[in-house]
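Novice: need a 3D model of the following:
(chains A and B)
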Amino acid sequence: MPGWIRFLTSLKLAIVLLLLIIILSIVGTLIPQDQELSYYQQHFPSAVPWIKFFQLNHLYRSAIFLSLVFLFLLNLLFCSIKQLKSKLTLLKNRENFLAKFSAKKQGPVIQIKLPESLKTNHQFLLAALHQKKYAIKVRIKNGQPLIVARRGLAGLFGPEIVHLGLMIIIIGGLISALFTYRISVALIEGEIASVPKNNFSLRLNKFSTEYYPDGSVKNWKSQISIIENNGQPLNALVEVNHPFKYRGLNFYQISYGQDWDRATVELEIKTKETPSRKVVLKSGETMKIEPAMNVRLLSFVPDFQVDSANQIINRSGVANNPAALIEIQSAGQIIFSGWVFYLYPDFIQFQQKNKPEVKVTLRKFSAPLFSVLEISSDPGTGLVWMGSALLMLGLLFSFYFHYQELQILVDLNGYLQIFPYAQKNRENFYHETEQFLKNLIKIQADKGNRDE
Amino acid sequence: MNEFTFLLLAFLIYLLVMLLGFISFFNQRIGLRKTLFYLAILGLVFHSISLIIRTIVSGHAPFTNMYESINFFAWSCVLAVIILERKYNLEKTGPYLWLIIVALIALASSPALPKNITPLVPALQSYWLWLHVSVTLLGEAFLAVAFVASCIYLALPPGSGDKVEAEKKKEKYDLIAYRAVAIGFPLFTLGALVFGMIWANKAWGRYWGWDPKEVWSLITWLFYAVYLHTRLVMGWKGKKSALIAIIGFLAALFTFFGVNYLLRGLHSYA
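Specialist: Model (predicted):
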């Protein structure tokens, strides 16, 4: 056997590969994956060159990791072939064992003397073995019956089935890594988007959030329509845990958000001339509220914050600190310009120009919801399911069934010569077999005596 | 009588079984073993009633947050102990396992773990929640038995003087550990990996995303694969085997607790 084949079939290689994969996998959980370079520069400044070189930021797709997995796949393949061959050879040898057996060279493991009455009648033995789930073949060797009884064959090949399952899973995983199609689409109600690399479009008809009585979210649902170039639009519902399938693609409800760039605000404006009035504005809209006065909503941010460089930023998409940038002009002059805060109506620090008699309050705000759907197809998935089923079947076979064999020769002197074989727990099996057969013969002999 | 009453009853019974079990180390009484066995079953019944009540009241499976999961894991450990005691006789492993079970329930009762029933977030509304979590925790319960048996093996003095007898005694625990892994490993494979992948595919659109929890459950699985191969193919037994079973369980613990509290990811609810 060439050296490289021996290397690939070695169990030591498997253990080493498993340990290396374990270590690398752990590293991948300690270094957050798929982040921007700035993240690593911030959190692991001294390790950045290492991270770049070893591709630790996408470790599970890195050259090292994929090589180890591929080597493991080969190891599994060569081991399985070797094991399969040797087990088939084992079975063949066991078949021919007693056919080639010579009493001079080897003695039986167990020898039991048959009482006179049972020397020629062996049906009871075959029936008892059959009841114990053995598959039996009887041959004649030199005029003597040779019984070959086997059971638990599944247990012998269980490990090969496990390994086959694992190989299929790994191949499925590699196919997924190479050929998955996955895109995210964010749509607000009524919006249509074409689905890339496919010739149909997707329209979000309605997005709804259901709530529990305590106010927490119960479910998100998107009612969509698939629009083909010809024909009727197809309506469908996409919910969390209930994806929609169409033409080999899966549509998942992944998340949602609010389109703050299209926010609408309700302001309360009080000026010198007029008492409070309510004004509803959309982002970027200018509204005339007096013959010579108009109000404009320049910008809206849901989570207003000032960073360390004194820049105004939006911290998140959640309405933690809603703020609107408003400008009011009267007779060509700006009489109000600045930020008004929903939570802090009296906070005027970010208002540049503010005639004291002008008061603007942010009363309400809203933004259209958009639904984020993920459209994907993963050709590796089927293989992973198939491999998983084989894996579980193989584990069941390996742990639940045990290959055991009894070869029994009835010799001319009235002795049962028994050659048990078990893959595991041999001592136990020999002992059990001896007990079983001795008891069986005793019961049968007693029966015979009573009948006489 | 609410769920906590039944849980308390179960806890007290487990405590009694544990104490009597430890006392039996010094005072062997064969009849006691049977009594403890039936007491354990009684405790399991009360514990089960507690879980059923919670399921009915909450309207969802009883393992959706840390309190529920630890409680269910304790229940699974009781089940594993009862099954293995019946099949194989756990000897000294028993009382130490009861100690762990009692500690788990005490931990679950800690005020640090909120017990209020909250409705399920959208991602958890699936019958896969039932299959994935329960089978995984049941598998881990058997792996916990292997952990304790391996610890006892390592803690027992090596054969001195009458070497054969002492070695035989230790061997028993080595065998208990293997048998526990032989049951726990397939369950863990099915629950954590296979059911996990199926559910992830339905809820998140991909069967495997190298999320820290997913990776650590794979790491746990790989450790036990190493355990089985070194044992079955290379004939490793005893000390070396015990060490691997212990490390594997520590990895399982990290998957269960460590990932939630020390790392981030999609799996942040349980």
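Novice: run a quick neighbour tally on the closest residue to chain B within the stretch 51-200 of chain A.
Specialist: Checking the stretch 51-200 of chain A residue by residue against chain B with Cβ to the nearest Cβ singles out residue A:60 as nearest, at 4.5 Å. Every C-beta, even on glycine, is put in place using the N, C-alpha and C of the backbone. Burial measure for residue A:60: 19 neighbouring residues, criterion other Cβ atoms under 10 Å in any protein chain shown.
Novice: just give the nearest non-adjacent residue to it, would you?
Specialist: Using Cβ to Cβ, 6 or more residues apart in numbering or on different chains and skipping the chain neighbours, the partner closest in space to residue A:60 is residue B:210 (4.5 Å).
Novice: residue A:145: what's it in contact with?
Specialist: When contacts are counted by Cβ atoms under 8 Å, 6 or more residues apart in numbering or on different chains, residue A:145 touches A:122, A:138-139, A:409-410.
Novice: residue B:24 too?
Specialist: When the contact criterion is Cβ under 8 Å, 6+ apart, the partners of residue B:24 are B:32-33, B:95.
Novice: between the contacts of residue A:145, which sits nearest residue A:241?
Specialist: The shortest gap between residue A:241 and any of the contacts of residue A:145 belongs to residue A:138, at 57.6 Å (Cβ to Cβ).
Novice: check which helix or strand that closest one maps to.
Specialist: With secondary structure defined by DSSP states H and E, residue A:138 is part of strand A:135-141.
Novice: on that earlier part again, quick check: the farthest pair among the contacts of residue A:145?
Specialist: With distance counted by Cβ to Cβ, no two of the contacts of residue A:145 lie farther apart than A:122 and A:139, which are 12.9 Å apart.
Novice: how far away is residue B:67 from chain A?
Specialist: Between residue B:67 and chain A the distance, using Cβ to the nearest Cβ, to the nearest Å, works out to 17 Å.
Novice: thinking that residue is in contact with residue B:115, fair?
Specialist: Yes. With contact defined as Cβ atoms under 8 Å, residue B:67 counts as touching residue B:115 (5.1 Å).
Novice: the two: who's more crowded?
Specialist: Between residue B:67 and residue B:115, residue B:67 has the larger neighbour count (other Cβ under 10 Å), namely 20 against 16.
Novice: what is the strand holding residue A:138 packed up against?
Specialist: Using 3 or more Cβ pairs under 8 Å, 6 or more residues apart in numbering or on different chains; DSSP states H and E as the contact criterion, the elements in contact with strand A:135-141 are helix A:123-131, strand A:144-151.
Novice: deepest-packed of those, please.
Specialist: Each of those was assessed for mean neighbour count using mean count of other Cβ atoms under 10 Å in any protein chain shown. The highest is strand A:144-151, with a mean of 19.
Novice: and the angle from the helix or strand following that one to strand A:144-151?
Specialist: Secondary structure here is assigned by DSSP H and E; on that basis, the next helix or strand after strand A:144-151 toward the C-terminus is helix A:153-179. For helix A:153-179 against strand A:144-151, the angle by axes from the mean of the first three to the mean of the last three Cα atoms, to 10 degrees is 40 degrees.
Novice: in helix A:153-179, what counts as buried?
Specialist: In terms of neighbour count (16 or more other Cβ atoms under 10 Å in any protein chain shown), helix A:153-179 has its buried residues at A:153-170, A:172-176.
Novice: distance between that helix and the chain's centre?
Specialist: A distance of 15 Å separates the centroid of the chain from that of helix A:153-179, by Cα atoms, centre = their mean, to the nearest Å.
Novice: please apply the same query to stretch B:5-14.
Specialist: 18 Å.
Novice: need the contact partners of it.
Specialist: Taking Cβ under 8 Å, 6+ apart as the criterion, the residues outside stretch B:5-14 that touch it are B:39-40, B:42-44, B:46-47, B:49-50, B:53, B:71, B:78, B:98, B:101-102, B:105-106.
Novice: for ChimeraX, write the select line for the buried members of these.
Specialist: The ChimeraX selection below is limited to those of the contacts of stretch B:5-14 classed as buried (16+ other Cβ under 10 Å):
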select /B:39,40,43,44,46,47,49,50,53,71,78,98,101,102,105
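Novice: residue ranges of the helices in the stretch 351-452 of chain A, please?
Specialist: A:381-400, A:426-451 (DSSP state H, counting those that start in this stretch).
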